[in-house]
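Peer 1: Quick one, what's the 3D model for this:
(4 chains)
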Number of protein chains: 2
Amino acid sequence: MFFQINPSNGIPVYEQVSRQIMFAVASGSILPGEMIPSVRELARELAINPNTVARAFRDLQDQNILQTVRGTGVAVTHGARAKCISARTRVIRDRLRDVLAEARQSQLDEAELQAIIDAEFENSKKRKH
Amino acid sequence: MFFQINPSNGIPVYEQVSRQIMFAVASGSILPGEMIPSVRELARELAINPNTVARAFRDLQDQNILQTVRGTGVAVTHGARAKCISARTRVIRDRLRDVLAEARQSQLDEAELQAIIDAEFENSKKRKH
DNA sequence: CATACCGTACTATCACGGTGATACAGATGC
DNA sequence: GCATCTGTATCACCGTGATAGTACGGTATG
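Peer 2: Here you go, the predicted structure:
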(Lines give C-alpha, C1' and ligand atoms only; values in the text may rest on other atoms or scores of the structure.)
Protein backbone atom coordinates (compact mmCIF):
# COMPACT_ATOMS: atom_id res chain seq x y z
CA MET A 1 0.00 0.00 0.00
CA PHE A 2 1.00 3.50 -0.78
CA PHE A 3 -0.32 5.83 1.82
CA GLN A 4 0.99 7.28 5.03
CA ILE A 5 -0.34 7.95 8.50
CA ASN A 6 -0.01 11.10 10.52
CA PRO A 7 -0.25 10.09 14.19
CA SER A 8 -0.55 13.67 15.50
CA ASN A 9 -3.23 14.88 13.19
CA GLY A 10 -6.23 15.14 15.45
CA ILE A 11 -7.84 12.56 13.19
CA PRO A 12 -7.76 9.09 14.78
CA VAL A 13 -5.36 6.69 13.10
CA TYR A 14 -8.01 4.03 12.50
CA GLU A 15 -10.05 6.65 10.69
CA GLN A 16 -7.12 7.75 8.56
CA VAL A 17 -6.64 4.13 7.55
CA SER A 18 -10.27 3.54 6.63
CA ARG A 19 -10.41 6.84 4.78
CA GLN A 20 -7.38 6.13 2.69
CA ILE A 21 -8.66 2.71 1.78
CA MET A 22 -11.91 4.36 0.70
CA PHE A 23 -9.98 6.88 -1.33
CA ALA A 24 -7.98 4.15 -3.00
CA VAL A 25 -11.17 2.34 -3.97
CA ALA A 26 -12.76 5.55 -5.17
CA SER A 27 -9.82 6.39 -7.39
CA GLY A 28 -9.58 2.90 -8.78
CA SER A 29 -6.23 2.13 -7.19
CA ILE A 30 -7.93 -0.87 -5.62
CA LEU A 31 -10.54 -2.65 -7.70
CA PRO A 32 -13.69 -4.34 -6.41
CA GLY A 33 -13.10 -8.03 -5.86
CA GLU A 34 -9.43 -7.43 -5.22
CA MET A 35 -7.77 -8.50 -1.98
CA ILE A 36 -6.08 -5.95 0.25
CA PRO A 37 -3.11 -6.50 2.58
CA SER A 38 -3.79 -8.40 5.78
CA VAL A 39 -4.25 -6.75 9.14
CA ARG A 40 -0.81 -7.74 10.29
CA GLU A 41 0.96 -6.81 7.08
CA LEU A 42 -0.67 -3.41 6.79
CA ALA A 43 0.08 -2.74 10.44
CA ARG A 44 3.73 -3.56 9.79
CA GLU A 45 3.88 -1.33 6.72
CA LEU A 46 2.29 1.64 8.42
CA ALA A 47 4.16 1.04 11.68
CA ILE A 48 0.96 1.01 13.69
CA ASN A 49 -0.79 -1.54 15.86
CA PRO A 50 -2.68 -4.45 14.28
CA ASN A 51 -5.66 -3.66 16.49
CA THR A 52 -5.88 -0.21 14.94
CA VAL A 53 -5.90 -1.67 11.44
CA ALA A 54 -8.46 -4.28 12.48
CA ARG A 55 -10.73 -1.56 13.71
CA ALA A 56 -10.51 0.30 10.41
CA PHE A 57 -11.34 -2.95 8.59
CA ARG A 58 -14.27 -3.58 10.87
CA ASP A 59 -15.65 -0.10 10.21
CA LEU A 60 -15.37 -0.60 6.46
CA GLN A 61 -16.95 -4.01 6.76
CA ASP A 62 -19.88 -2.45 8.60
CA GLN A 63 -20.30 -0.09 5.65
CA ASN A 64 -20.25 -3.04 3.24
CA ILE A 65 -17.11 -1.74 1.59
CA LEU A 66 -14.91 -4.61 2.66
CA GLN A 67 -15.80 -8.27 2.83
CA THR A 68 -13.73 -10.49 5.05
CA VAL A 69 -13.37 -14.21 4.80
CA ARG A 70 -12.08 -15.82 7.96
CA GLY A 71 -8.78 -17.44 7.31
CA THR A 72 -8.38 -16.01 3.85
CA GLY A 73 -8.25 -12.23 3.90
CA VAL A 74 -10.16 -9.10 3.05
CA ALA A 75 -11.63 -8.18 -0.32
CA VAL A 76 -13.29 -5.08 -1.69
CA THR A 77 -17.01 -5.62 -2.33
CA HIS A 78 -18.49 -5.04 -5.75
CA GLY A 79 -20.79 -2.25 -4.67
CA ALA A 80 -17.96 -0.40 -2.94
CA ARG A 81 -16.82 1.85 -5.75
CA ALA A 82 -19.85 4.13 -5.86
CA LYS A 83 -20.04 4.32 -2.08
CA CYS A 84 -16.40 5.30 -1.81
CA ILE A 85 -16.66 7.96 -4.49
CA SER A 86 -19.55 9.70 -2.81
CA ALA A 87 -18.01 9.24 0.63
CA ARG A 88 -14.80 10.82 -0.60
CA THR A 89 -16.59 13.89 -1.89
CA ARG A 90 -18.53 14.17 1.34
CA VAL A 91 -15.42 13.93 3.52
CA ILE A 92 -13.54 16.56 1.55
CA ARG A 93 -16.52 18.89 1.40
CA ASP A 94 -17.25 18.58 5.11
CA ARG A 95 -13.69 19.32 6.09
CA LEU A 96 -13.55 22.27 3.71
CA ARG A 97 -16.82 23.56 5.12
CA ASP A 98 -15.40 23.43 8.65
CA VAL A 99 -12.38 25.45 7.66
CA LEU A 100 -14.44 28.07 5.87
CA ALA A 101 -16.83 28.30 8.80
CA GLU A 102 -13.92 28.95 11.12
CA ALA A 103 -12.51 31.51 8.73
CA ARG A 104 -15.82 33.33 8.61
CA GLN A 105 -16.18 33.23 12.32
CA SER A 106 -12.68 34.67 12.76
CA GLN A 107 -13.80 37.81 10.92
CA LEU A 108 -10.94 37.37 8.52
CA ASP A 109 -11.23 39.80 5.66
CA GLU A 110 -13.15 38.42 2.69
CA ALA A 111 -10.54 39.32 0.10
CA GLU A 112 -7.73 38.01 2.25
CA LEU A 113 -9.49 34.68 2.68
CA GLN A 114 -10.00 34.45 -1.07
CA ALA A 115 -6.30 35.17 -1.56
CA ILE A 116 -5.27 32.44 0.88
CA ILE A 117 -7.54 29.92 -0.81
CA ASP A 118 -6.18 30.73 -4.26
CA ALA A 119 -2.57 30.62 -3.10
CA GLU A 120 -2.95 27.31 -1.29
CA PHE A 121 -4.87 25.76 -4.14
CA GLU A 122 -2.07 26.65 -6.53
CA ASN A 123 0.47 25.40 -4.03
CA SER A 124 -1.29 22.08 -3.69
CA LYS A 125 -1.30 21.72 -7.45
CA LYS A 126 2.46 22.04 -7.51
CA ARG A 127 2.89 19.52 -4.76
CA LYS A 128 0.77 17.05 -6.67
CA HIS A 129 2.78 14.06 -7.79
CA MET B 1 -18.65 36.81 24.84
CA PHE B 2 -20.09 35.90 21.54
CA PHE B 3 -18.63 32.64 20.35
CA GLN B 4 -19.61 29.03 20.63
CA ILE B 5 -17.89 25.74 21.30
CA ASN B 6 -18.22 22.52 19.39
CA PRO B 7 -17.38 19.71 21.83
CA SER B 8 -17.27 16.99 19.15
CA ASN B 9 -15.03 18.75 16.69
CA GLY B 10 -11.79 16.85 17.03
CA ILE B 11 -10.26 20.14 18.12
CA PRO B 12 -9.80 20.24 21.91
CA VAL B 13 -12.18 22.60 23.67
CA TYR B 14 -9.39 24.54 25.41
CA GLU B 15 -7.88 25.17 21.98
CA GLN B 16 -11.17 26.34 20.54
CA VAL B 17 -11.45 28.80 23.39
CA SER B 18 -7.94 30.20 23.00
CA ARG B 19 -8.37 30.40 19.24
CA GLN B 20 -11.59 32.31 19.41
CA ILE B 21 -10.14 34.75 21.90
CA MET B 22 -7.25 35.25 19.49
CA PHE B 23 -9.67 35.79 16.65
CA ALA B 24 -11.63 38.32 18.67
CA VAL B 25 -8.45 40.25 19.40
CA ALA B 26 -7.36 40.04 15.78
CA SER B 27 -10.65 41.40 14.51
CA GLY B 28 -10.75 44.19 17.07
CA SER B 29 -13.75 42.81 18.94
CA ILE B 30 -11.57 42.89 22.02
CA LEU B 31 -9.12 45.76 22.34
CA PRO B 32 -5.68 45.62 23.93
CA GLY B 33 -5.85 46.70 27.56
CA GLU B 34 -9.42 45.56 27.81
CA MET B 35 -10.51 43.00 30.41
CA ILE B 36 -12.11 39.75 29.33
CA PRO B 37 -14.64 37.65 31.25
CA SER B 38 -13.34 35.71 34.22
CA VAL B 39 -12.57 32.01 34.12
CA ARG B 40 -15.71 31.12 35.99
CA GLU B 41 -17.99 33.44 34.05
CA LEU B 42 -16.75 32.32 30.65
CA ALA B 43 -17.04 28.70 31.74
CA ARG B 44 -20.63 29.33 32.73
CA GLU B 45 -21.41 31.08 29.43
CA LEU B 46 -19.89 28.36 27.29
CA ALA B 47 -21.22 25.56 29.50
CA ILE B 48 -17.78 24.05 29.93
CA ASN B 49 -15.53 23.39 32.89
CA PRO B 50 -13.61 26.27 34.50
CA ASN B 51 -10.44 24.19 34.32
CA THR B 52 -10.75 24.08 30.56
CA VAL B 53 -11.09 27.84 30.34
CA ALA B 54 -8.18 28.28 32.74
CA ARG B 55 -6.03 26.15 30.50
CA ALA B 56 -6.89 28.27 27.48
CA PHE B 57 -6.02 31.40 29.46
CA ARG B 58 -2.74 29.90 30.55
CA ASP B 59 -1.81 29.07 26.98
CA LEU B 60 -2.57 32.61 25.86
CA GLN B 61 -0.64 33.98 28.81
CA ASP B 62 2.37 31.90 27.78
CA GLN B 63 2.15 33.55 24.36
CA ASN B 64 2.02 36.99 25.96
CA ILE B 65 -1.42 37.61 24.54
CA LEU B 66 -3.17 37.74 27.89
CA GLN B 67 -1.94 39.28 31.09
CA THR B 68 -3.48 38.03 34.31
CA VAL B 69 -3.51 39.71 37.66
CA ARG B 70 -4.36 37.49 40.58
CA GLY B 71 -7.55 38.65 42.20
CA THR B 72 -8.38 41.15 39.49
CA GLY B 73 -8.86 39.44 36.16
CA VAL B 74 -7.40 38.99 32.73
CA ALA B 75 -6.49 41.71 30.26
CA VAL B 76 -5.32 41.72 26.67
CA THR B 77 -1.70 42.83 26.34
CA HIS B 78 -0.79 45.79 24.16
CA GLY B 79 1.36 43.76 21.80
CA ALA B 80 -1.35 41.16 21.30
CA ARG B 81 -3.11 42.58 18.27
CA ALA B 82 -0.34 41.93 15.74
CA LYS B 83 0.38 38.49 17.16
CA CYS B 84 -3.26 37.50 16.92
CA ILE B 85 -3.64 38.74 13.39
CA SER B 86 -0.72 36.71 12.12
CA ALA B 87 -1.71 33.70 14.23
CA ARG B 88 -5.19 33.81 12.76
CA THR B 89 -3.90 33.78 9.21
CA ARG B 90 -1.55 30.95 10.08
CA VAL B 91 -4.28 28.83 11.67
CA ILE B 92 -6.66 29.25 8.74
CA ARG B 93 -3.96 28.62 6.17
CA ASP B 94 -2.67 25.51 7.93
CA ARG B 95 -6.11 23.98 8.21
CA LEU B 96 -6.85 24.78 4.60
CA ARG B 97 -3.55 23.26 3.57
CA ASP B 98 -4.41 20.05 5.41
CA VAL B 99 -7.73 19.73 3.63
CA LEU B 100 -6.19 20.37 0.21
CA ALA B 101 -3.43 17.87 0.92
CA GLU B 102 -5.99 15.25 1.76
CA ALA B 103 -7.98 16.10 -1.34
CA ARG B 104 -4.89 15.71 -3.50
CA GLN B 105 -3.97 12.49 -1.86
CA SER B 106 -7.47 11.13 -2.44
CA GLN B 107 -6.93 11.49 -6.19
CA LEU B 108 -10.07 13.57 -6.40
CA ASP B 109 -10.42 15.07 -9.84
CA GLU B 110 -8.86 18.52 -10.16
CA ALA B 111 -11.90 20.17 -11.68
CA GLU B 112 -14.22 18.56 -9.18
CA LEU B 113 -12.12 19.84 -6.30
CA GLN B 114 -12.16 23.31 -7.79
CA ALA B 115 -15.95 23.09 -8.08
CA ILE B 116 -16.34 22.03 -4.45
CA ILE B 117 -14.13 24.87 -3.28
CA ASP B 118 -16.06 27.46 -5.28
CA ALA B 119 -19.42 26.14 -4.15
CA GLU B 120 -18.47 26.04 -0.48
CA PHE B 121 -16.86 29.44 -0.61
CA GLU B 122 -20.06 30.93 -2.01
CA ASN B 123 -22.08 29.02 0.56
CA SER B 124 -19.99 30.34 3.40
CA LYS B 125 -20.49 33.86 2.11
CA LYS B 126 -24.24 33.46 2.35
CA ARG B 127 -24.03 32.06 5.84
CA LYS B 128 -21.99 35.06 6.97
CA HIS B 129 -23.85 37.11 9.55
C1' DC C 1 -2.00 -34.01 9.46
C1' DA C 2 1.03 -29.99 10.24
C1' DT C 3 2.33 -25.54 9.46
C1' DA C 4 1.50 -20.92 8.42
C1' DC C 5 -1.23 -17.48 7.54
C1' DC C 6 -5.79 -15.27 7.92
C1' DG C 7 -9.52 -12.44 10.81
C1' DT C 8 -11.36 -11.94 15.44
C1' DA C 9 -11.65 -11.33 20.31
C1' DC C 10 -10.24 -10.47 24.43
C1' DT C 11 -7.44 -8.16 28.55
C1' DA C 12 -4.29 -4.85 30.33
C1' DT C 13 -1.97 -0.57 30.03
C1' DC C 14 -0.99 4.20 28.82
C1' DA C 15 -1.75 9.17 27.36
C1' DC C 16 -4.83 12.81 26.78
C1' DG C 17 -8.88 15.71 26.87
C1' DG C 18 -12.40 16.92 29.78
C1' DT C 19 -15.05 17.16 34.04
C1' DG C 20 -15.84 17.83 39.06
C1' DA C 21 -14.51 19.38 43.41
C1' DT C 22 -11.75 21.55 46.53
C1' DA C 23 -8.37 24.63 48.37
C1' DC C 24 -5.37 28.64 48.43
C1' DA C 25 -3.49 33.49 47.54
C1' DG C 26 -4.34 38.09 46.01
C1' DA C 27 -7.43 42.13 45.10
C1' DT C 28 -11.75 44.77 45.77
C1' DG C 29 -15.72 46.84 47.99
C1' DC C 30 -18.64 47.44 51.81
C1' DG D 1 -12.13 43.17 58.85
C1' DC D 2 -15.01 40.40 56.13
C1' DA D 3 -17.36 38.78 52.21
C1' DT D 4 -16.70 38.18 47.51
C1' DC D 5 -14.68 38.27 43.59
C1' DT D 6 -10.31 37.07 40.88
C1' DG D 7 -6.57 33.45 39.03
C1' DT D 8 -4.02 29.24 40.31
C1' DA D 9 -3.14 24.59 41.82
C1' DT D 10 -4.09 19.92 42.82
C1' DC D 11 -6.71 15.76 43.39
C1' DA D 12 -9.61 11.97 41.52
C1' DC D 13 -12.45 10.25 37.81
C1' DC D 14 -14.14 8.99 33.09
C1' DG D 15 -14.08 8.15 28.02
C1' DT D 16 -11.40 7.45 24.05
C1' DG D 17 -7.60 6.48 21.01
C1' DA D 18 -3.76 3.62 20.73
C1' DT D 19 -0.51 0.06 22.02
C1' DA D 20 0.88 -4.64 23.53
C1' DG D 21 0.25 -9.38 24.18
C1' DT D 22 -2.27 -13.49 23.90
C1' DA D 23 -5.54 -16.73 22.34
C1' DC D 24 -8.93 -18.91 19.30
C1' DG D 25 -11.25 -20.52 14.99
C1' DG D 26 -11.04 -20.87 9.98
C1' DT D 27 -8.48 -21.58 5.56
C1' DA D 28 -4.77 -22.72 2.40
C1' DT D 29 -0.68 -25.24 1.32
C1' DG D 30 2.72 -28.57 2.00
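
Peer 1: Any buried residues in whichever strand or helix holds A:Val91, and which?
Peer 2: Here A:Val91, judged by DSSP states H and E, is contained in helix A:80-105. For helix A:80-105, a neighbour-count test (16 or more other C-beta atoms under 10 Å in any protein chain shown) marks A:80-81, A:83-85, A:87-89, A:91-93, A:95-100, A:102-105 as buried. Where C-beta positions appear, they are placed from N, C-alpha and C, glycine not excepted.

Peer 1: what does stretch A:53-65 give?
Peer 2: By neighbour count on 16+ other C-beta under 10 Å, the buried set for stretch A:53-65 is A:53-57, A:59-60, A:65.

Peer 1: Excluding chain neighbours, what is closest to the residue most central in space within chain A?
Peer 2: Residue closest to the average C-alpha location in chain A (C-alpha atoms, centre = their mean): A:Arg19, at 2.4 Å. Among residues not flanking A:Arg19 along the chain, A:Val91 sits closest, at 6.5 Å (C-beta to C-beta, 6 or more residues apart in numbering or on different chains).

Peer 1: who are the neighbours in contact with the one you found?
Peer 2: Residues near A:Val91 by C-beta atoms under 8 Å, 6 or more residues apart in numbering or on different chains: A:19, A:22, B:102, B:106.

Peer 1: got any ranges where chain A has weak pLDDT?
Peer 2: A:1, A:128-129 (pLDDT under 70).

Peer 1: didn't A:Pro15 look like it was pressed against A:Arg55?
Peer 2: No, residue A:15 isn't Pro; it's Glu. No - between A:Glu15 and A:Arg55 there is no contact under C-beta atoms under 8 Å: 9.1 Å.

Peer 1: The closest residue to A:Arg127 other than its chain neighbours and DNA strand D, how far apart?
Peer 2: Closest residue in space to A:Arg127, ignoring its immediate chain neighbours: B:Arg104 at 6.9 Å, by C-beta to C-beta, 6+ apart. According to C-beta to the nearest atom of the strand, to the nearest Å, B:Arg104 and DNA strand D sit 22 Å apart.

Peer 1: From DNA strand C, how far out is B:Arg104?
Peer 2: 27 Å.

Peer 1: Now go through the buried residues of stretch A:53-65 and say which are in helices.
Peer 2: The members of the buried residues of stretch A:53-65 that map onto helices under DSSP state H are A:53-57, A:59-60.

Peer 1: in which helix or strand would I find the residue of chain A found nearest DNA strand D?
Peer 2: Nearest residue of chain A to DNA strand D, counting by C-beta to the nearest atom of the strand: A:Gly71, 2.4 Å away. In this structure, A:Gly71 sits in neither a helix nor a strand according to DSSP H and E.

Peer 1: mind checking how far it is from B:Ser124?
Peer 2: Per C-beta to C-beta, to the nearest Å, A:Gly71 is found 50 Å from B:Ser124.

Peer 1: Between the two, which is the more surrounded one?
Peer 2: B:Ser124 (19 against 5; other C-beta atoms under 10 Å in any protein chain shown).

Peer 1: got the residues of chain A near DNA strand C?
Peer 2: A:38-41, A:50-51, A:54, A:57-58, A:61, A:68-74 (C-beta under 7 Å from any atom of the strand).

Peer 1: Can I get the buried part of those residues as one ChimeraX selection?
Peer 2: In ChimeraX, a selection of the buried entries from the residues of chain A next to DNA strand C looks like this (16+ other C-beta under 10 Å):
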select /A:39,54,57,74
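
Peer 1: For the closest residue in space to A:Ala43 that isn't next to it in sequence, grab phi and psi.
Peer 2: Nearest non-adjacent residue to A:Ala43, counting by C-beta to C-beta, 6+ apart: A:Pro50, 4.2 Å away. Per-residue torsions, A:Pro50: phi -60, psi -40 (degrees, to the nearest 10).
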